[in-house]
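Student: What follows is a protein structure lacking sequence information:
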């Protein structure tokens, strides 16, 4: 089959690779009908996530049709149309029973490696390095789905298109979880760092959950415009001080809740302190003394109103310096984060799509073939041609 394959930093290729096969009795094979490039895929492309190996198949946002099932797969049958969440979930361990699907205790086949890195294992993920199991991803013609019964989301038989359903695999529930973690109350002001695809869903989710005001922070004109269309007030961090503007907009109190939707490759904003910290992060990362550039997280911790919540949806992979623990502790902030428990939210979000409360296709700017994937990675990363979200068709 054909797939998008990682061969090193900045080197994504459209290759021929072996077809997946049933390896465990609870597996299924899905013929991919649609897949997408996620912002966190760029961390792989840029070499920030460790434990990638040349030849790894990329992608963790996909859906398609079941074409083969293992003998112990009970709820799925050949011909079923399914969305494949990025988290692989056994459905039986203590964490899965609690709904903490992204920290499934059984799905990461490289659990010992994850435990050395994080202290304990987390769930297996599709197409996201060997620290999360080394599973082949879904930017391919076919994908093997372990624990298929409890991992996939069955598509309803009501005519919803791939584009309406595809983002249930990751970015819609990820943006939703970021907002849910904020415990939004009537009258809340929520600030969102980043206006990429996850942040766009976080903005819409905040409004759906009752936020009074959402303030979106980015520097890319097309992303800022999309946020404004969703009803957010926007701040271009290259043109004005984020902290000063947030104080102006909140009467000096700061946002009640803050969402960091940027992650490890954040750019520093306007102002000498952030600028110097940005230079520091780049130098440390170049010397392999730091793996993250946490400028957005630092700013969110400084900006948040005392007693508020900082929700982190951006992906981090290792170590970060100069986190303002004094601000975090003395202001009595709550920090919430984690890879997304997709299945926890899937039924509710599917209902919202079916009822027309949200049309997830709003975020799509580019529709291309899988063969165009390598070029699309660069277009997305470099924010060319107004690119916000790419959907690929094998």
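Tutor: Now that the structure is in, tell me what you want to look at. Note that the structure is a prediction, hence the values are computed from the model and not measured. Numbering: from 1, shown residues only.
Student: mind giving me the domain ranges of this structure?
Tutor: The record's domain split for the chain, according to automatic domain parsing, is 2-170+340-393, 172-337.
Student: Adding mean neighbour count, write those domains out as a markdown table.
Tutor: Every C-beta, even on glycine, is put in place using the N, C-alpha and C of the backbone. Formatted as a markdown table, these follow (neighbours: other Cβ atoms under 10 Å):
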| stretch | mean neighbour count |
| --- | --- |
| domain 2-170+340-393 | 19 |
| domain 172-337 | 20 |
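Student: May I see those organised as TSV, with mean pLDDT added?
Tutor: Putting these into TSV (pLDDT from 0 to 100) gives the following:
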stretch	mean pLDDT
domain 2-170+340-393	97
domain 172-337	90
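Student: how about the helices in the stretch 151-300 of the chain?
Tutor: Counting by DSSP state H, counting those that start in this stretch, the stretch 151-300 of the chain has these helices, from start to end: 162-165, 171-180, 197-208, 221-229, 242-249, 272-286, 295-303.
Student: Look up how far residue 232 lies from the nearest residue to residue 361 once chain neighbours are set aside.
Tutor: Ranked by Cβ to Cβ, 6 or more residues apart in numbering and with sequence neighbours excluded, the top spatial neighbour of residue 361 is residue 163, at 4.6 Å. Using Cβ to Cβ, to the nearest Å, one gets 23 Å for the distance from residue 163 to residue 232.
Student: Same question for residue 28.
Tutor: Distance, residue 28 to residue 232, using Cβ to Cβ: 39 Å.
Student: Could you do residue 259 as well?
Tutor: Noted for residue 259: a distance of 11 Å to residue 232, by Cβ to Cβ.
Student: and if you look at residue 119?
Tutor: With distances defined as Cβ to Cβ, the gap from residue 119 to residue 232 amounts to 36 Å.
Student: go on, residue 212?
Tutor: 12 Å.
Student: Then residue 167?
Tutor: Distance check for residue 167 against residue 232: by Cβ to Cβ, it reads 19 Å.
Student: same question, residue 394
Tutor: Distance check for residue 394 against residue 232: by Cβ to Cβ, it reads 34 Å.
Student: residues contacting residue 24?
Tutor: Residues counted as contacts of residue 24 (Cβ atoms under 8 Å, 6 or more residues apart in numbering) are 70, 146.
Student: start to end distance for stretch 121-134?
Tutor: Counting by Cα to Cα, to the nearest Å, you get 14 Å between the two ends of stretch 121-134.
Student: now stretch 201-215, how far from the chain's geometric center?
Tutor: Relative to its parent chain, stretch 201-215 has a centroid offset of 18 Å by Cα atoms, centre = their mean, to the nearest Å.
Student: what does it rub up against?
Tutor: Residues contacting stretch 201-215 (Cβ under 8 Å, 6+ apart): 167, 171-172, 174-176, 178-180, 182, 184-192, 195, 216, 227, 230-235, 246, 249, 255, 257, 259, 261, 313, 352, 357-358, 360, 363.
Student: Could you do stretch 156-165 as well?
Tutor: Outside stretch 156-165, the residues touching it (Cβ under 8 Å, 6+ apart) are 33-34, 63, 83, 155, 350, 353-354, 359-361, 364, 391.
Student: Could you dump the residues you listed into TSV and include secondary structure and distance to residue 200?
Tutor: As requested, those are arranged in TSV below (DSSP: H, G, I helix; E, B strand; the rest coil; distance: Cβ to Cβ, whole Å):
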residue	secondary structure	distance to residue 200
33	strand	23
34	strand	19
63	strand	20
83	strand	19
155	coil	23
350	helix	19
353	helix	15
354	helix	20
359	coil	12
360	helix	10
361	helix	12
364	coil	11
391	strand	14
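Student: roughly how far apart are residue 390 and residue 59?
Tutor: The gap separating residue 390 from residue 59 is 11 Å, by Cβ to Cβ.
Student: Spell out which residues are contacts of both of the two.
Tutor: Taking Cβ under 8 Å, 6+ apart as the criterion, residue 390 and residue 59 both touch 36, 37.
Student: ok, residues contacting stretch 128-136?
Tutor: Contacts made with stretch 128-136 from outside it, assessed by Cβ under 8 Å, 6+ apart, are listed as 3, 17, 20, 40, 44, 49-53, 56-57, 60, 86, 88, 107-110, 113-114, 117, 122-127, 137, 143-144, 146.
Student: Apply 7 Å and report the result again.
Tutor: Stretch 128-136 is contacted from outside by 20, 44, 49-53, 57, 60, 88, 107-110, 113-114, 117, 122, 124-127, 143-144, using Cβ atoms under 7 Å, 6 or more residues apart in numbering.
Student: So which of those residues sit within strands?
Tutor: Secondary structure from DSSP state E places 57, 88, 124, 125, 143, 144 of the contacts of stretch 128-136 in strands.
Student: Dump the residues you listed to TSV, plus distance to residue 98.
Tutor: Formatted as TSV, these follow (distance: Cβ to Cβ, whole Å):
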residue	distance to residue 98
57	31
88	17
124	18
125	19
143	27
144	27
